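Trainee: Need a 3D model of the sequence below.
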Amino acid sequence: TPEPTAHRRGAGWNHRLIYTFGGGCRRGWYTQGKSTGGVLDETMLSRGYAVASASLNVFGSNCNDLLAAETMMMVRERFVEAYGSPRFTIGWGSSGGSYQSHQIADNHPGLLDGIIVGQSFPDVASATNITLFDARLLEHYFNEVAPDAFTEDEQRQVAGFRRWESIGNLGTEARRLDPDAEFPDELPEELRYDPD
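Mentor: Numbering: from 1, shown residues only. Sure, this is the predicted structure:
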């Protein structure tokens, strides 16, 4: 069959678009990634769905929700110009992908007609950032400022976590939200953050 266009749709397309979002939000903010939310999903494609995504819709590459929404808008616009308007567009993702789906559906009406998400949380600020930063501050206090002032069980109670190990684990995770934190050694020099 001839290649599909905006005026001649492909015979296998069910006129529906699934836009996939990837999770993450690790250190290395605002770097162009080399993966998407997944566009070669055999199950979706075999059922006739068009699937689109972009590397800036993977929070592991870009943790900026506004840039993610603008990227999704531009990719969707390009899709419509090339293949025509879908009957509907569904956002699909887990964790950071679910956050993007929720945020775009809430803040940019009309881009997504519905969402299918997993591993959801209400928002990055209250569900993630505050908990991680609190853990990092408490870990610093317990280890550097007053290392002998509290037992492990008292530290756990002050932090409010079920397990004492959560203080260190979540404190380490807070580094991914700190643009001043050092990048891992495996990143090329030109991608590492230099505050000077």
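Trainee: When you work out contacts or count neighbours from here on, use the C-alpha atoms and nothing else.
Mentor: OK.
Trainee: OK, contacts around residue 115?
Mentor: By C-alpha atoms under 8 Å, 6 or more residues apart in numbering, the contact set of residue 115 is 90-92, 101-102, 105.
Trainee: please redo it, this time with the cut-off set to 10 Å
Mentor: 18-20, 89-93, 98, 101-102, 104-105 (C-alpha atoms under 10 Å, 6 or more residues apart in numbering).
Trainee: and it, that's in a strand?
Mentor: Yes - membership of residue 115 in a strand is supported by DSSP: H, G, I helix; E, B strand; the rest coil.
Trainee: Report the beta-bridge partners for it.
Mentor: For residue 115, the beta-bridge partners under DSSP bridges are residue 91.
Trainee: nearest residue to residue 15 other than its sequence neighbours?
Mentor: Leaving aside its chain neighbours, residue 15 sits nearest to residue 86 (5.0 Å; criterion: C-alpha to C-alpha, 6 or more residues apart in numbering).
Trainee: Could you give the number of residues near the one you found?
Mentor: When counting by other C-alpha atoms under 10 Å, one arrives at 17 neighbours for residue 86.
Trainee: where's it relative to residue 132, distance?
Mentor: Separation of residue 86 from residue 132 (C-alpha to C-alpha, to the nearest Å): 40 Å.
Trainee: With residue 168 instead?
Mentor: Taken as C-alpha to C-alpha, the span from residue 168 to residue 132 is 10 Å.
Trainee: who has more neighbours, those two?
Mentor: Between residue 168 and residue 132, residue 132 has the larger neighbour count (other C-alpha under 10 Å), namely 25 against 17.
Trainee: Name the SS class of the more buried one, please.
Mentor: Applying three-state DSSP: residue 132 is helix.
Trainee: so it sits right up against residue 161, yeah?
Mentor: No - using C-alpha atoms under 10 Å, residue 132 makes no contact with residue 161, being 11.7 Å away.
Trainee: Need the residues touching each of those two.
Mentor: Shared contacts of residue 132 and residue 161, defined by C-alpha under 10 Å, 6+ apart, comprise residue 167.
Trainee: So for the helix or strand residue 73 falls within, mean pLDDT?
Mentor: Secondary-structure element containing residue 73, defined by DSSP states H and E: helix 65-83. For helix 65-83, the mean pLDDT works out to 93.
Trainee: so where's this protein shaky on pLDDT?
Mentor: Counting by pLDDT under 70, the chain shows low-confidence ranges at 25-33, 122-125, 127, 176-196.
Trainee: now the strands for it?
Mentor: 16-21, 50-52, 88-94, 114-118 (DSSP state E).
Trainee: What degree of burial does residue 49 show, as a neighbour count?
Mentor: Neighbours of residue 49 under the rule other C-alpha under 10 Å: 20.
Trainee: Which phi and psi values does it adopt?
Mentor: Backbone geometry at residue 49, expressed as degrees, to the nearest 10, gives phi -80, psi 140.
Trainee: Much appreciated, bye for now.
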